[in-house]
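1. Let's see this in three dimensions:
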Amino acid sequence: MERPMIKIRLKRSTIGVPGKLKKVVRGLGLRRINQVVVHPDGPATRGMVAKVPHLVEVIE
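-> Presented below is the predicted three-dimensional model:
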C-alpha cells in the first residue's frame, strides 16, 4: 500500500526568523516563497510542519 503524501508550500519568508526554524524549513526542502514540495505524510513531517505553521501551508 502506498503511503499518503502531503504537499507543503512556503508562504512566508524566513528572513527575521530564528535560525532553528530556518533549519526546519530547509529540512523540509523549501527554499523559495511559493515553492511546493511533496513528502510522505507521517509524524516526523507533521511535527516539522507544526513547528513553523506561520511560514508554511499544507495542501492536502
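
2. Strands along the protein, start to end?
-> Chain-ordered strands for the chain, with DSSP state E as the definition, fall at 5-10, 36-40, 56-59.

3. Buried ones in the longest one, by neighbour count?
-> The neighbour-count check on strand 5-10 (16 or more other CB atoms under 10 Å) flags 6, 8, 10 as buried. Glycine gets a C-beta too; all of them are placed from N, C-alpha and C.

4. Can you lay out the strands of the chain as CSV showing distance to residue 17 and mean pLDDT?
-> As requested, these are arranged in CSV below (distance: least, CB to CB, whole Å; pLDDT from 0 to 100):
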stretch, distance to residue 17, mean pLDDT
strand 5-10, 11, 97
strand 36-40, 18, 97
strand 56-59, 12, 96
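
5. Save the ones you listed as JSON lines, and put in distance to residue 19 too.
-> Formatted as JSON lines, the strands of the chain follow (distance: least, CB to CB, whole Å):
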{"stretch": "strand 5-10", "distance to residue 19": "17"}
{"stretch": "strand 36-40", "distance to residue 19": "21"}
{"stretch": "strand 56-59", "distance to residue 19": "17"}
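
6. Helices of this structure, residue ranges please.
-> Under the criterion DSSP state H, the chain carries helices at the ranges 19-27, 43-51.

7. Can I get those in a markdown table including mean pLDDT, distance to residue 59 and mean neighbour count?
-> Converted to a markdown table, the helices of the chain look like this (pLDDT from 0 to 100; distance: least, CB to CB, whole Å; neighbours: other CB atoms under 10 Å):
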| stretch | mean pLDDT | distance to residue 59 | mean neighbour count |
| --- | --- | --- | --- |
| helix 19-27 | 98 | 16 | 14 |
| helix 43-51 | 97 | 11 | 13 |
